[in-house]
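Participant: Give me coordinates for this.
(2 chains)
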Amino acid sequence: DVKVTQSSRYLVKRTGEKVFLECVQDMDHENMFWYRQDPGLGLRLIYFSYDVKMKEKGDIPEGYSVSREKKERFSLILESASTNQTSMYLCASSLKTTSEAFFGQGTRLTVV
Amino acid sequence: GQNIDQPTEMTATEGAIVQINCTYQTSGFNGLFWYQQHAGEAPTFLSYNVLDGLEEKGRFSSFLSRSKGYSYLLLKELQMKDSASYLCAVATIGGFQKLVFGTGTRLLVSP
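Facilitator: As a prediction, this is how the structure comes out:
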């Protein structure tokens, strides 16, 4: 069974804080993704990585950065959290883009 | 640009059949996925179509027409547990490949 694990289900952070969201997968997948999900907007791609130390911007990268130092771990960093980054964050991994993506349970982040 | 359209919400009755449509316009096409997402949970994979036609998997079927930029998910013998959001996603090509999601269709199944 593929497992994608996100470090927290719920987080509350203050405006201006640096926030780290961690994601680990156990199936040796090449691709890892970070999405945010907002009502009425669906899943929007923030960043993705197709190999260790490789990353590509998605559709909404502003205010975020990522790190992939090991194949199994993909971190999303909010450099200076703002209230408009309050959202559900979903991490996913896949063997390749045309194979199914496996999602973590999500982190509901609230920035106050 | 990328554009994927689905109805926002649908309602149906237990035991009935429902069809959820998805139209897309994307820069390149390398297949279309359907995912199911129950409230508060992660999306889970339902189907993948890359060639035209109908793929059947138990009570769920998915259809693709690449020339029309159109897909549908057909759910038969609806059960209460089918109440969920259904997400259409297109794998794009060109530059780097990525998965682009529609906004999802919330299906409510009533007794």
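
Participant: contacts and neighbour counts: CA atoms only from here.
Facilitator: Will do.

Participant: Would you mind listing where the chain has pLDDT under the threshold?
Facilitator: No chain in the question, so chain A it is. Low-confidence segments of chain A, defined by pLDDT under 70, span residues A:1-2.

Participant: you looked at the wrong chain, it should be chain B
Facilitator: Applying pLDDT under 70 to chain B picks out residues B:1, B:94-97.

Participant: Let me know the secondary structure of B:Lys81.
Facilitator: Secondary structure, DSSP: H, G, I helix; E, B strand; the rest coil: B:Lys81 is helix.

Participant: The closest residue to it other than its chain neighbours - how many residues pack around it?
Facilitator: On the basis of C-alpha to C-alpha, 6 or more residues apart in numbering or on different chains, the spatially nearest residue to B:Lys81 that is not a chain neighbour turns out to be B:Val109, at 8.0 Å. When neighbours are counted by other C-alpha atoms under 10 Å in any protein chain shown, B:Val109 registers 20.

Participant: how far away is B:Val109 from B:Thr11?
Facilitator: Here the distance between B:Val109 and B:Thr11 works out to 6 Å (C-alpha to C-alpha, to the nearest Å).

Participant: Enumerate every residue touching the residue nearest to B:Lys81.
Facilitator: For B:Val109, the set of contacting residues under the criterion of C-alpha atoms under 8 Å, 6 or more residues apart in numbering or on different chains consists of B:Thr11, B:Ala12, B:Thr13, B:Glu14, B:Leu78, B:Gln79, B:Met80, B:Lys81, B:Asp82, B:Ser83.

Participant: For A:Glu62, see how far away the first one is.
Facilitator: If you measure B:Thr11 against A:Glu62 using C-alpha to C-alpha, the figure is 37 Å.
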